[in-house]
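Asks: Mind looking at a prediction? Sequence and model below.
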Amino acid sequence: MGIYEELVARGLIAQVTNEDEIREMLNNGKAVFYIGFDCTADSLTAGHFMALTLMKRLQMAGNRPIALIGGGTTMIGDPSGRTDMRKMLTIEDINHNAECFKRQMERFIDFGEGKAMMINNADWLLRLNYVELLREVGACFSVNNMLRAKCYEQRMERGLSFLEFNYMIMQSYDFYYLFQHYGCNMQFGGDDQWSNMLGGTELIRRKLGQDAHAMTITLLTDSQGNKMGKTAGNAVWLDPNKTSPYEFYQYWRNVGDADVMKCIRMLTFLPLSEIDEMSSWEGSELNRAKEILAFELTKMVHGEEEAKKAEASAKALFAGGGSSEDMPTTELSEEDLTDGGVDILTLLVRTGLCSSKSDARRNVQQGGVTANDEKLADIGRTFSTDELRAGVVLKRGKKNFNKVVLK
């Protein structure tokens, strides 16, 4: 089985420009491909997992990845899937975020001479002269086609700024530049990037008279069609200082029964034959599948030692309901207190166990919250300074823990 057939079997391919040519290129290690990462935060998230693992798979098959850091495109902001305009970041913020991305990517991709490349599109986009750019590529883009693009769909309802309207041109120019200067012949991205990617292949065809290729990756969604990679309304980060290895493990351990096998197939590097055997698992066996998924992904991001610690902590907590040194912890200061204490609703939101105070209130009223193994029923319950200094272990449901301590 070639790498292209494996990608199909794992359910990773959404759309391709020319299947026969792409299959031949990938299976024979002829692809020099890129995936873009805009620097909108100081850490990659679980939502980037598909792209990172795809780059790793294709590199293992002999193809050459380019991780394109969006130092330039981040200054515009991708409107795809957005109902509002992204926050404008400073150049300093973007450069800082780019450095953070580089460190995290090195856990997945083998960079070096003759291997993967890491390039920042600020190197050429920030040098462009606007009038010269319009004369060079402006005639290659149909405004009618751009307005029909899916990446602008939601923004058209709320109002699309001219700033964001330029994003497709910037992304297309990236492919055009990489094709000429780095021999890049393929672009990969999420399925919501299809219009932008076709803009790049068309620009290369019209300006250079040559063919380049594009392939989109299936978006990772749960059985309800929601994008995966968030918990309690917050992103699941790859940075251990933003999402601890234990919390990262727990996110994947808690995926729905209907989603676990899809996640294992799409995200892990377990052999397909082994995954096929697991596909018939039911009932309690699905819990074992979730543990395998959580361990494999935590090992990939944080290393085997941290994955083992997270696994052991989870089993200890679920078995005895007690605390653990590896339990996620929220530290409070005296400034966080009101009249020498803090209420349970505030704590549930602060720890991320609940997404809002209304969510916290509902969980308490439904009997789903305990503090130090005592079920709470009073939404006005307040914890004193002494209690917080001793540590309060909060539990929502059966699987979500957090220890609150006063510094």
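Replies: The structure has been received and is ready for your questions. Residues are numbered from 1 along each chain as shown.

Asks: where do the helices sit along the stretch 251-400 of the chain?
Replies: Counting by DSSP state H, counting those that start in this stretch, one finds helices in the stretch 251-400 of the chain at the ranges 260-267, 272-278, 284-302, 304-320, 344-350, 357-365, 385-390.

Asks: actually the stretch 51-200 of the chain, not the one I typed
Replies: Per DSSP H, counting those that start in this stretch, the stretch 51-200 of the chain carries helices over the ranges 91-105, 122-125, 130-137, 143-148, 153-158, 162-165, 167-182, 194-208.

Asks: Put together CSV for these, with distance to Lys315 and mean pLDDT on each row.
Replies: Using the backbone N, CA and C atoms, a C-beta is placed for each residue, glycine as well. Formatted as CSV, the helices of the stretch 51-200 of the chain follow (distance: least, C-beta to C-beta, whole Å; pLDDT from 0 to 100):
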stretch, distance to Lys315, mean pLDDT
helix 91-105, 27, 86
helix 122-125, 46, 90
helix 130-137, 57, 84
helix 143-148, 52, 73
helix 153-158, 42, 66
helix 162-165, 47, 70
helix 167-182, 45, 92
helix 194-208, 42, 92
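
Asks: how about the ones you listed, which one is nearest Asn226?
Replies: Shortest distance between Asn226 and the helices of the stretch 51-200 of the chain, using C-beta to C-beta, is found for helix 153-158: 15.4 Å.

Asks: Check the chain and tell me which residue is nearest its centre.
Replies: Gly47 (1.7 Å; C-alpha atoms, centre = their mean).

Asks: Serialize the helices of the stretch 51-200 of the chain to TSV and add fields for distance to Arg10 and mean neighbour count.
Replies: Compiled in TSV, the helices of the stretch 51-200 of the chain are given as follows (distance: least, C-beta to C-beta, whole Å; neighbours: other C-beta atoms under 10 Å):
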stretch	distance to Arg10	mean neighbour count
helix 91-105	21	16
helix 122-125	34	17
helix 130-137	36	12
helix 143-148	31	12
helix 153-158	28	14
helix 162-165	33	14
helix 167-182	25	22
helix 194-208	20	21
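
Asks: Dump these into a markdown table; add distance to Met55 as well.
Replies: Formatted as a markdown table, the helices of the stretch 51-200 of the chain follow (distance: least, C-beta to C-beta, whole Å):
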| stretch | distance to Met55 |
| --- | --- |
| helix 91-105 | 8 |
| helix 122-125 | 20 |
| helix 130-137 | 27 |
| helix 143-148 | 28 |
| helix 153-158 | 28 |
| helix 162-165 | 27 |
| helix 167-182 | 15 |
| helix 194-208 | 16 |
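
Asks: just so I know, which of the ones you listed lies nearest Met327?
Replies: Nearest of these to Met327, taken as C-beta to C-beta: helix 91-105 at 24.1 Å.

Asks: which regions of the protein sit below the pLDDT cut-off?
Replies: 77-88, 150-159, 161-163, 231-233, 318-326 (pLDDT under 70).

Asks: which one of the helices of the stretch 51-200 of the chain lies closest to Asn241?
Replies: Nearest of the helices of the stretch 51-200 of the chain to Asn241, taken as C-beta to C-beta: helix 91-105 at 10.4 Å.

Asks: thinking again about what came up before, Gln15 is nearest to which of the helices of the stretch 51-200 of the chain?
Replies: Closest approach to Gln15 among the helices of the stretch 51-200 of the chain is made by helix 194-208 (5.7 Å; C-beta to C-beta).

Asks: my guess is the residue nearest to the centre of the chain contacts Leu219, does it?
Replies: No: in this structure Gly47 lies outside contact range of Leu219 using C-beta atoms under 8 Å: 9.1 Å.

Asks: anything in contact with each of these two?
Replies: Common contacts of Gly47 and Leu219 (C-beta atoms under 8 Å, 6 or more residues apart in numbering): Lys227.

Asks: could you dump the helices of the stretch 251-400 of the chain to a markdown table with mean neighbour count?
Replies: As requested, those are exported to a markdown table (neighbours: other C-beta atoms under 10 Å):
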| stretch | mean neighbour count |
| --- | --- |
| helix 260-267 | 21 |
| helix 272-278 | 12 |
| helix 284-302 | 19 |
| helix 304-320 | 16 |
| helix 344-350 | 22 |
| helix 357-365 | 17 |
| helix 385-390 | 14 |
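
Asks: Output those helices as a markdown table; include the columns distance to Ala31.
Replies: Formatted as a markdown table, those follow (distance: least, C-beta to C-beta, whole Å):
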| stretch | distance to Ala31 |
| --- | --- |
| helix 260-267 | 20 |
| helix 272-278 | 21 |
| helix 284-302 | 23 |
| helix 304-320 | 30 |
| helix 344-350 | 46 |
| helix 357-365 | 45 |
| helix 385-390 | 55 |
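
Asks: Kind regards, and thank you for your time.
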